[in-house]
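J.: need a 3D model of the sequence below.
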Amino acid sequence: MKRAQSGFTLIELMIVVAIIAILAAIAIPAYNQYIREAQMAKVSDHYDGAYRSLKAELSKRAAMSARGATPPSLNVMATINPENRTAPKGGLAAYNTAADATNGVVGVNMTTSTVGSEVIVITRPNFLNVTSDTITLDATNI
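T.: Prediction:
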């Protein structure tokens, strides 16, 4: 008695490989686009978060001054990044004194540090398709 052979033919295996290749050709570019969009959103979120955090902190400090209290010196990086968030690429901190378009680091620079009249410049880098932008916060105009 002859035993029936079991397994897949070469044609069946080639069809499976072709199907996997077609799926990969569609999925890989879509995945890469998804990653790029997530990285761009992360940079924009860091930029907006820095603005909101610093505006709230400067408002709080202005209220302290209005009550006659002297606010302590402002630690900008601790105010905007208490969770030690990282940039989308490179594993660097999300914020630095200068923006970095290669890694998506948002620039935050205090140009005037006198208590009550701080001036802070926040710069979003030209990262991937996100256009660069700059916001200046002036403690005297909050």
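J.: state the distance from the closest residue to A38 other than its chain neighbours to I20.
T.: With CB to CB, 6 or more residues apart in numbering as the criterion, A38 has its nearest non-adjacent residue at 7.8 Å, and that residue is P88. Yep, even glycine has a C-beta here, placed from its N, CA and C like the rest. Distance, P88 to I20, by CB to CB, to the nearest Å: 30 Å.
J.: okay, the two: which has more neighbours?
T.: Neighbour totals were compared for P88 and I20, and P88 leads with 21 against 10 (other CB atoms under 10 Å).
J.: dump the residue contacts of the more buried one.
T.: A38, Q39, M40, K42, V43, N103, G104, F127 (CB atoms under 8 Å, 6 or more residues apart in numbering).
J.: rounded mean pLDDT for the longest helix seen in the chain, please.
T.: Looking across the chain with DSSP state H, the single longest helix is helix 10-66. Summarised as a single mean, pLDDT over helix 10-66 is 95.
J.: doesn't A139 make contact with G116?
T.: Yes. Judged on CB atoms under 8 Å, G116 makes contact with A139 at a distance of 6.2 Å.
J.: what's the overlap in contacts for these two?
T.: Both G116 and A139 are in contact with R61, A62, where contact means CB under 8 Å, 6+ apart.
J.: which of those two has more residues huddled nearby?
T.: The neighbour count for G116 versus A139, taken as other CB under 10 Å, is higher for A139 (23 against 13).
J.: got the phi and psi for the more buried one?
T.: phi -60, psi -20 (degrees, to the nearest 10).
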